[in-house]
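1. Here is my input, please return the structure:
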Amino acid sequence: MSGLAAGIRLAHYDQRVCILERHYTIGGLNSFYRMNGRNYDVGLHAVTNYTPAGAKKGPLARLLRQLRFRWEDLELAPQRGSAIAFPGVRLRFNNEIELLRSEIAKAFPGQKNNFESLLRQLVDYDDLTQENFGGSARQFLSGIITDPLLVEMLLCPLMWYGNAREDDMDFGQFCIMFRSIYLEGFARPFKGVRLILKHLVKRYRALGGELKLRSGVARIQVDGDRAVGVVLDDGQELVAKRVLSSAGIIETLRLCEDTSTPEVARAGQLSFIESISILDQQPSDMGFPETIVFYNDCPQFHWRKPTSELCDTRTGVICSPNNYLYPAELGNLDDGVIRLTTIANHDLWNTLDDAEYRRQKMRWYDRSVASAVRFIPDFRCHTIDTDVFTPKTIRRFTCHDNGAVYGAPEKKLDGTTHLKNLFVCGTDQGFVGIVGAIVSGISMANMHCLREPN
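-> The predicted structure is shown next:
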């Protein structure tokens, strides 16, 4: 999505743009497919950074202005309400900070003033720089919030929806995710991610942009300190004045054919399995009205790749796309849907042969669901169809080392590389999620391709 957004922005200013996609469809991990007569979204639990129509500030408003979309184009329906569930404590939140305020005041009365102090100290999106991006979010939080359990609970959704670093979180990423989830919130188009992709592609092509599917980049051609073009998997060569890559910083530099490519930070370790359960009734009819539940089964939040098992089911995310406030004239989705995400080990999944891979998908589906139904009503007797994707799936469709959903831990906020005209956008630039990816593409196009005369 960052590449499509960058392409639209540049095509608006009559630049000749070609987007290259290795696969047969667009979207990367935020894509969709059809199986057994049903449409499935991949990646999309929620669009974060939600603001209502007419809002002038925030990433969503910026996205709409820069791409010249109307608010109505995205057809965003806000969440009903979500929760953070730890043993003995459940904090509800929605798209208004007042609910989370009241929940903290009830469950942690001694932290009410500390939470207000935290809100005052958050850094705005536009004030984040590479210099103040680093630092420990845990340390920052613990210096304000004095109850360790509340620290863990506040971090849980933020890490699940945008943190590439194990155990801790960059301060800047914490500020981004806190604002996008707690101060802005969740929404979803009724038709899912395909609607967003459809609008992006339609606008890009209407402006004259070229989109090549099944056209993977084999290498980036380098001459001195500049990228001069790319060579595709089929040997075709394209010449370019500038190259923007959403493949990830490590993966992009690996494509450079020069031998002077500098060493870069280690690849991310955090990957997931995700199951999609199709139900014979709406989740709310079974007593599950919440949009998303982030759960953890002990007071210490687990955010690390499992080392000895394929998955770690102690923590997870439960999401129902049925539980958004869709317009009355649309009703609800035909089927009930519950999506469940669990941390997984890419290396272990990658060693399995085909038969064992299929068997382990079924085994870990059962184990992850058994873990999740400790925190929501048991939906297993209502399940009529399922599908599961794993770190191998993520690796295939993103090419990220280790199937790392959020890319490398070290972000490159200015998008620059060792070459003067090669830039990164998307996850490894630093903005995550659907709105973040789109804003990243816009920002990098503005910064590096619309301001430079050459």
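
2. Please tell me how far residue 279 sits from residue 338.
-> Distance, residue 279 to residue 338, using Cβ to Cβ, to the nearest Å: 7 Å. For the C-beta atoms, the positions are set from N, CA and C on the backbone; glycine is no exception.

3. repeat for residue 150
-> Distance from residue 150 to residue 338, by Cβ to Cβ: 28 Å.

4. who's more crowded, those two?
-> residue 338 (26 against 23; other Cβ atoms under 10 Å).

5. next one: phi and psi at the more buried one?
-> Dihedral pair for residue 338: phi -130, psi 130, per degrees, to the nearest 10.

6. Name the residues linked to it by a beta bridge.
-> Listed by DSSP bridges, the beta-bridge partners for residue 338 are residue 277.

7. sorry, back to before: touching both of residue 279 and residue 338, which residues are there?
-> Contact criterion Cβ atoms under 8 Å, 6 or more residues apart in numbering; residues shared by residue 279 and residue 338: residue 379.

8. so residue 93 touches residue 82, yeah?
-> Yes. Contact status for residue 93 versus residue 82: in contact at 5.8 Å, counting by Cβ atoms under 8 Å.

9. pLDDT weak spots in the stretch 51-200 of the chain?
-> Of all residues in the stretch 51-200 of the chain, none has pLDDT under 70.

10. Just the strands from it, written as ranges.
-> Here the stretch 51-200 of the chain has its strands, by DSSP state E, counting those that start in this stretch, at 76-78, 82-86, 89-93, 187-189.

11. among those strands, which is the most enclosed?
-> strand 187-189 (a mean of 25; mean count of other Cβ atoms under 10 Å).

12. And that one, what does it pack against?
-> Strand 187-189 makes packing contacts with strand 76-78 when contacts are defined by 3 or more Cβ pairs under 8 Å, 6 or more residues apart in numbering; DSSP states H and E.

13. which residues are contacting the strand it packs on?
-> By Cβ under 8 Å, 6+ apart, strand 76-78 touches 47, 50, 52, 94-95, 185-190, 324-327.

14. For the residue lying closest to residue 403 once chain neighbours are set aside, which residues are in contact?
-> Distances taken as Cβ to Cβ, 6 or more residues apart in numbering place residue 391 nearest to residue 403, at 3.5 Å, with adjacent residues excluded. Residue 391 makes contact with 271-273, 344-346, 349-350, 402-403, according to Cβ under 8 Å, 6+ apart.

15. What distance do you get for residue 391 to residue 165?
-> Distance of residue 391 to residue 165, computed by Cβ to Cβ: 18 Å.

16. Could you do residue 299 as well?
-> Distance of residue 299 to residue 165, computed by Cβ to Cβ: 21 Å.

17. between these two, which one's more packed in?
-> Ranked by neighbour count (other Cβ under 10 Å), residue 299 and residue 165 place residue 165 first, with 20 against 13.

18. Excluding chain neighbours, what is closest to the more buried one?
-> Per Cβ to Cβ, 6+ apart, closest to residue 165 is residue 409, 4.3 Å.

19. Looking at that neighbour now. What's its pLDDT?
-> With respect to pLDDT, residue 409 scores 91.

20. quick one: secondary structure of it?
-> For residue 409, the secondary structure call by DSSP: H, G, I helix; E, B strand; the rest coil comes out as coil.

21. same thing with the one 4 residues further on?
-> Secondary structure, three-state DSSP: residue 413 is coil.

22. so what's it up against?
-> Taking Cβ under 8 Å, 6+ apart, we find residue 413 in contact with 128-130, 133, 172, 429-430.

23. go with 7 Å
-> 130, 133, 429-430 (Cβ atoms under 7 Å, 6 or more residues apart in numbering).

24. now those residues as a markdown table including distance to residue 66?
-> Shown next, in a markdown table, are the contacts of residue 413 (distance: Cβ to Cβ, whole Å):
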| residue | distance to residue 66 |
| --- | --- |
| 130 | 22 |
| 133 | 22 |
| 429 | 16 |
| 430 | 17 |
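
25. now that we have those residues, which one has the most neighbours?
-> Busiest of those [other Cβ under 10 Å] is residue 429, holding 29 neighbours.

26. tally of neighbours for the residue nearest to residue 251 when sequence neighbours are not counted?
-> Sequence neighbours aside, residue 399 is the residue nearest to residue 251 in space, at 5.6 Å (criterion: Cβ to Cβ, 6+ apart). Residues near residue 399, counting by other Cβ under 10 Å, number 18.

27. Am I right that residue 399 is in contact with residue 247?
-> Yes. Contact status for residue 399 versus residue 247: in contact at 6.0 Å, counting by Cβ atoms under 7 Å.

28. Could you point out the helix or strand that follows the longest helix anywhere in the chain?
-> When the chain is parsed with DSSP state H, its longest helix is helix 354-372. Using DSSP states H and E, the helix or strand that follows helix 354-372 in sequence is strand 383-389.

29. Name the residues of that next one that come out as buried.
-> Residues 385, 387-389 are the ones in strand 383-389 that count as buried (16 or more other Cβ atoms under 10 Å).

30. same question, stretch 337-357
-> For stretch 337-357, using 16+ other Cβ under 10 Å, the buried residues are 337-346, 348-349, 352.
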